[in-house]
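[1] Turn this into a model:
(one chain, ligands or ions: 1)
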Amino acid sequence: MSDETTIASEGGAAELPDEMQRPDSDPHLSNGDFSGQANSDQRLNQFAAPKNNAAVHPSAGGVHSGTDDCIELRRLYRYFGKTKAVHDISFSVSRGHVFGYIGPNGAGKTTSMRILSTLDLPSYGDAFVDGFSVVNDPELVRRRLGFMPDSFGTYRDVNCEEYLDFFARAYGLVGRERTERLKWVLDFTGTVGMKEKPIRGLSKGMKQRLCLGRALVHDPAVMILDEPAAGLDPRARIQLRKMIRELADRGKTILISSHILTELAEMCDAVGIIEQGQLLATGSVDEIQRQRNQTREITLRVLDRANEAAERLTQLQNDSESTSHVLGEIVIDGELLRFGFEGELRDQAELVAWLVGEGYAVAEVTSHRKSLEDVFLQVTEGLVQ
Ligand SMILES: Nc1ncnc2c1ncn2[C@@H]1O[C@H](COP(=O)(O)OP(=O)(O)OP(=O)(O)O)[C@@H](O)[C@H]1O
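    Numbers count the residues shown, from 1 in each chain. This is a model prediction of the structure:
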C-alpha cells in the first residue's frame with residue numbers, strides 16, 4: 001500500500017519519454033479539482049477524449065463512453081521516479097461484472113485503484129468510471145464511485161451510525177432519502193447491531209463491514225475494493241464474497257484486489273494478473289487457465305492391476321507419435337494413478353475408454369485444470385521493483 005502523504009513530493013515521472021510527461025500535482029492540495037490542469041495539457045487529449053463511438057452524456061454534460069464498460073483503464077501509466085508502478089495498463093469491466101485484480105506485493109494494484117478513485121493522477125493515459133474521465137471529470141467520477149481502501153481511516157471516536165451519516169451528508173443526501181439509505185446500508189452490511197458502538201472498539205471484520213458500508217452510502221455504480229478480505233476469518237470472507245456477488249447482481253460494477261486467489265476465482269467474472277506494473281494476462285479465469293495451461297491433472301482409480309495399467313499407458317505414450325494428447329509422468333499411489341494430461345476432454349475420454357477396452361477396471365476418474373493459484377505462479381515471476 002502506498003503512503004498518501006508522499007504523492008506530492010515523489011510524484012515525478014522522470015522515466016517517461018518527453019511526449020508522455022504530465023505535470024504532477026497532489027489532488028488533495030488542489031481540493032480535488034484538477035480538471036483545469038488536465039485540460040490545459042493538450043497532450044492528454046488523445047487519451048482523455050471519448051472513443052469514436054462515444055456519446056455525450058445528456059444529464060451530466062460530460063463525456064460518456066457510450067459502451068457498457070463501467071470501468072476502463074486506457075494506456076495507464078504511473079511512475080514514481082524510477083519505479084514503474086503502473087506501465088501501460090489497459091482493460092475494461094462491463095456493467096454488473098466483478099473483476100479481480102491479482103498481483104504480488106508491489107505489483108501496482110493499489111496505485112491503479114487510487115487513480116481510478118481520483119486520489120492520484122496518472123503520469124500518462126486515462127481511466128474512466130461509468131464513462132467519465134478521472135483526469136477531466138474527477139467530481140463526476142466520485143459521485144459514481146465507492147472506494148474501499150485497504151486501511152481504515154482515523155475516525156476513532158464516532159460511532160458507526162454517525163460515521164455513515166457523516167459520509168451520507170458529505171454526498172449530499174438529505175431527509176428521508178438519507179435515513180432510508182443509512183438503514184439499507186446498515187442492514188446490507190450486517191452492522192445494525194453495532195450502530196452505536198464507537199469505531200475504536202470494532203474488530204477488524206466489523207471495520208471492514210463498516211468500510212464497505214461507507215463505500216456504498218451514496219449508491220455508487222462502481223465499487224473499487226482494495227483487498228477487502230485481508231485479515232478476515234473464513235466465515236467473514238464467505239459473507240463478504242456473498243455481499244460482493246449480490247452487489248454485482250444488483251448491477252454494480254466491481255474491481256477487487258486480493259491475494260486470496262481461490263476466493264477471486266469463485267467470485268469474479270474476469271481477472272487481470274499484474275506484475276511490476278504490467279498486465280500479464282486478462283480474461284475469465286477459465287480463459288486464462290485454458291490459454292496458459294492446457295494441462296489437466298488426472299487421477300484414475302484402477303482396481304487390481306494399477307501398476308500394469310500405468311506401464312501400458314506409458315508404453316502407449318512412447319509408441320504412438322501421432323496422438324493429439326501428451327501424458328506426463330505417472331505417479332502410482334496404490335490403486336491411484338496420477339498424471340498431467342495435455343489434450344482435449346474428448347482425448348481424455350478416449351484414453352479411459354481404451355484402458356477399459358484393454359480389460360482394466362477403471363473405477364474412478366477425476367480431472368481438473370490447474371487452479372488459479374498455479375496459473376498465477378506460472379504467469380508471475382515474483383519480481384519486485
Ligand atoms: N507514493 C509513492 N511513492 C513512491 N513509490 C510508490 C508510491 N506508491 C507506490 N509506490 C511504489 O509503486 C509500486 C506499486 O505499489 P502498489 O502499492 O501499487 O502495489 P500493490 O500491488 O498494491 O502492492 P501490495 O499488494 O503490497 O499492496 C511499488 O514499488 C511501490 O513501492
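[2] State the distance from the residue of the chain most remote from its centre to the ligand.
    What lies farthest from the middle of the chain is G359; by Cα atoms, centre = their mean that is 48.6 Å. With the distance defined as Cβ to the nearest ligand atom, to the nearest Å, G359 ends up 54 Å from the ligand. In this view, the C-beta of every residue, glycine as well, is placed from N, C-alpha and C.
[3] Could you do A170 as well?
    Separation of A170 from the ligand (Cβ to the nearest ligand atom): 25 Å.
[4] A127 now?
    Distance, A127 to the ligand, using Cβ to the nearest ligand atom: 14 Å.
[5] Run a quick neighbour tally on that residue.
    Neighbour count for A127, taken as other Cβ atoms under 10 Å: 26.
[6] ok, which stretches of the stretch 51-200 of the chain are strands?
    Here the stretch 51-200 of the chain has its strands, by DSSP state E, counting those that start in this stretch, at 55-56, 63-64, 69-80, 83-94, 98-102, 124-129, 132-133, 145-148.
[7] Now tabulate these in a markdown table and tack on distance to A281.
    Converted to a markdown table, these look like this (distance: least, Cβ to Cβ, whole Å):
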| stretch | distance to A281 |
| --- | --- |
| strand 55-56 | 31 |
| strand 63-64 | 29 |
| strand 69-80 | 15 |
| strand 83-94 | 11 |
| strand 98-102 | 9 |
| strand 124-129 | 20 |
| strand 132-133 | 26 |
| strand 145-148 | 25 |
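[8] now the spatially closest residue to I102 that is not a sequence neighbour, what's its secondary structure?
    Sequence neighbours aside, I273 is the residue nearest to I102 in space, at 5.1 Å (criterion: Cβ to Cβ, 6 or more residues apart in numbering). Assigned with DSSP: H, G, I helix; E, B strand; the rest coil, I273 falls in the strand class.
[9] Tell me, how many residues neighbour I273?
    Using other Cβ under 10 Å, the number of residues around I273 comes to 25.
[10] what bridges to it?
    For I273, the beta-bridge partners under DSSP bridges are I102, A281.
[11] quick one: contacts of the helix of greatest length in the chain?
    Ranked by residue count, the top helix of the chain under DSSP state H comes out as helix 234-249. Helix 234-249 is contacted by residues 96-98, 188-190, 205, 208, 212, 216, 223, 225, 228-229, 232, 254, 256, 260, 263, 266-267, 269 when judged by Cβ atoms under 8 Å, 6 or more residues apart in numbering.
[12] Format the CA atom coordinates belonging to that helix as CSV.
    The C-alpha coordinates for helix 234-249 follow below in CSV (Å, rounded to 0.1, in the frame of the first residue of the first chain):
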residue,chain,number,x,y,z
PRO,A,234,-13.2,-17.7,6.9
ARG,A,235,-16.8,-17.1,7.8
ALA,A,236,-16.4,-13.3,7.4
ARG,A,237,-14.7,-13.9,4.0
ILE,A,238,-17.6,-16.0,2.8
GLN,A,239,-20.1,-13.4,3.9
LEU,A,240,-18.1,-10.7,2.2
ARG,A,241,-18.0,-12.7,-1.0
LYS,A,242,-21.8,-13.1,-0.9
MET,A,243,-22.2,-9.4,-0.4
ILE,A,244,-20.0,-8.6,-3.4
ARG,A,245,-21.8,-11.0,-5.6
GLU,A,246,-25.1,-9.6,-4.6
LEU,A,247,-24.0,-6.1,-5.3
ALA,A,248,-22.9,-7.2,-8.8
ASP,A,249,-26.3,-8.9,-9.3
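[13] Now do the contacts for the residue nearest to A107 when sequence neighbours are not counted.
    Spatially, and ignoring its direct neighbours in sequence, A107 is nearest to I274 (4.7 Å; Cβ to Cβ, 6+ apart). Residues in contact with I274 (Cβ under 8 Å, 6+ apart) are 89, 101-103, 107-109, 112, 280.
[14] quick one: the helices in the protein?
    7-10, 35-40, 45-48, 109-116, 138-143, 160-170, 175-188, 204-216, 234-249, 261-267, 285-292, 306-319, 345-357, 372-379.
[15] who does R74 bridge with?
    Beta-bridge partners of R74, counted by DSSP bridges, are D126.
[16] I figured it hits S90, correct?
    Yes. Judged on Cβ atoms under 8 Å, R74 makes contact with S90 at a distance of 5.6 Å.
[17] before we move on, back to that, I'd like the strands of the stretch 51-200 of the chain as CSV, with mean pLDDT appended.
    Output for the strands of the stretch 51-200 of the chain, formatted as CSV (pLDDT from 0 to 100):
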stretch, mean pLDDT
strand 55-56, 30
strand 63-64, 38
strand 69-80, 94
strand 83-94, 95
strand 98-102, 94
strand 124-129, 96
strand 132-133, 96
strand 145-148, 94
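[18] Ok, which of those strands comes nearest L337?
    strand 98-102 (32.7 Å; Cβ to Cβ).
[19] packing partners for the closest one?
    Packed against strand 98-102 by the contact rule (3 or more Cβ pairs under 8 Å, 6 or more residues apart in numbering; DSSP states H and E) you find helix 109-116, helix 234-249, strand 253-257, helix 261-267, strand 270-275.
[20] Show me the domain layout of the protein.
    Each domain of the chain is listed here as a residue range: 4-283, 294-369, per automatic domain parsing.
[21] possible to save those domains as a markdown table with distance to Q378?
    Output for the domains of the chain, formatted as a markdown table (distance: least, Cβ to Cβ, whole Å):
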| stretch | distance to Q378 |
| --- | --- |
| domain 4-283 | 10 |
| domain 294-369 | 10 |
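[22] Which of the ones you listed comes out lowest on mean pLDDT?
    Here the lowest mean pLDDT among the domains of the chain goes to domain 4-283, at a mean of 79.
[23] And that domain, how far out from the chain middle?
    In terms of Cα atoms, centre = their mean, to the nearest Å, the centre of domain 4-283 is set 11 Å apart from its chain centre.
[24] and L164, which of the strands of the stretch 51-200 of the chain is closest to it?
    Among those, the nearest to L164 by Cβ to Cβ is strand 145-148 (12.3 Å).
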